[in-house]
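Chemist: Got a predicted model here, sequence first, then my questions.
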Amino acid sequence: MKDLAGARPEPAFEITVDGRPVSVLPGQTVGAALHAAGIRSWRTTRFGGRPRGLFCGIGVCFDCLVSVNGSPEQRACLLVARAGDEVVTS
Ligand code: FES
């Protein structure tokens, strides 16, 4: 435990979300980065237009879909963010 107290995480980096810079800590998923930035919902349901974002957080519900670097329908809760990723919400 004592060794963990001195851990020094790698520096944060940035991704863009709909063109807006968002800071990410190494190892965070895209969904975690959005949540940490205060973005709680980023898409709506097909019927009723209800807001959706992270729900299960483990890749089961598909509520967190985003496009990343041009690849549509990526589960934000599973995808580890990389420096310079371009995330587009719907
Ligand atoms: S939050 Fe459920 S699949 Fe991502």
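Modeler: Arrived safely.
Chemist: what about residue 34, how many neighbours?
Modeler: 27 (other Cβ atoms under 10 Å). (Glycine included, C-beta is placed from N, CA and C.)
Chemist: how many neighbours does the spatially closest residue to residue 74 that is not a sequence neighbour have?
Modeler: Distances taken as Cβ to Cβ, 6 or more residues apart in numbering put residue 68 closest to residue 74, at 4.8 Å, once the chain neighbours are dropped. The number of residues packed near residue 68 is 19, by other Cβ under 10 Å.
Chemist: Look up phi and psi at residue 68.
Modeler: Main-chain dihedrals, residue 68, degrees, to the nearest 10: phi -130, psi 120.
Chemist: Next: residue 4.
Modeler: Dihedral angles (degrees, to the nearest 10) for residue 4: phi -70, psi -30.
Chemist: Start at 58, not 1
Modeler: Shifting the count to begin at 58 puts that one at residue 61.
Chemist: Downstream of the worst-scoring helix or strand of the chain on mean pLDDT, the next helix or strand is which one?
Modeler: One helix or strand of the chain scores below all others by mean pLDDT, DSSP states H and E: helix 59-62, with a mean of 70. Next in sequence after helix 59-62, counting helices and strands by DSSP states H and E, comes strand 70-74.
Chemist: That following strand: which residues count as buried?
Modeler: Neighbour-count burial for strand 70-74, counted by 16 or more other Cβ atoms under 10 Å, picks out 70, 72, 74.
Chemist: ok, now stretch 62-79?
Modeler: Under the neighbour-count criterion of 16+ other Cβ under 10 Å, stretch 62-79 has 70, 72, 74, 79 buried.
Chemist: Stretch 89-96 too?
Modeler: 89-92, 96.
Chemist: what does the protein put close to the ligand?
Modeler: Within the chain, the positions near the ligand by Cβ under 6 Å from any ligand atom are 111-114, 116-121, 132, 134.
Chemist: Now list the buried members of the residues you listed.
Modeler: Looks like the residues of the chain next to the ligand have 111, 114, 120-121, 132, 134 buried, using 16+ other Cβ under 10 Å.
Chemist: so which strand or helix has the nearest residue to residue 94 once chain neighbours are set aside?
Modeler: Once flanking residues are discounted, residue 94 sits nearest to residue 79: 4.8 Å by Cβ to Cβ, 6+ apart. According to DSSP H and E, residue 79 maps onto strand 77-81.
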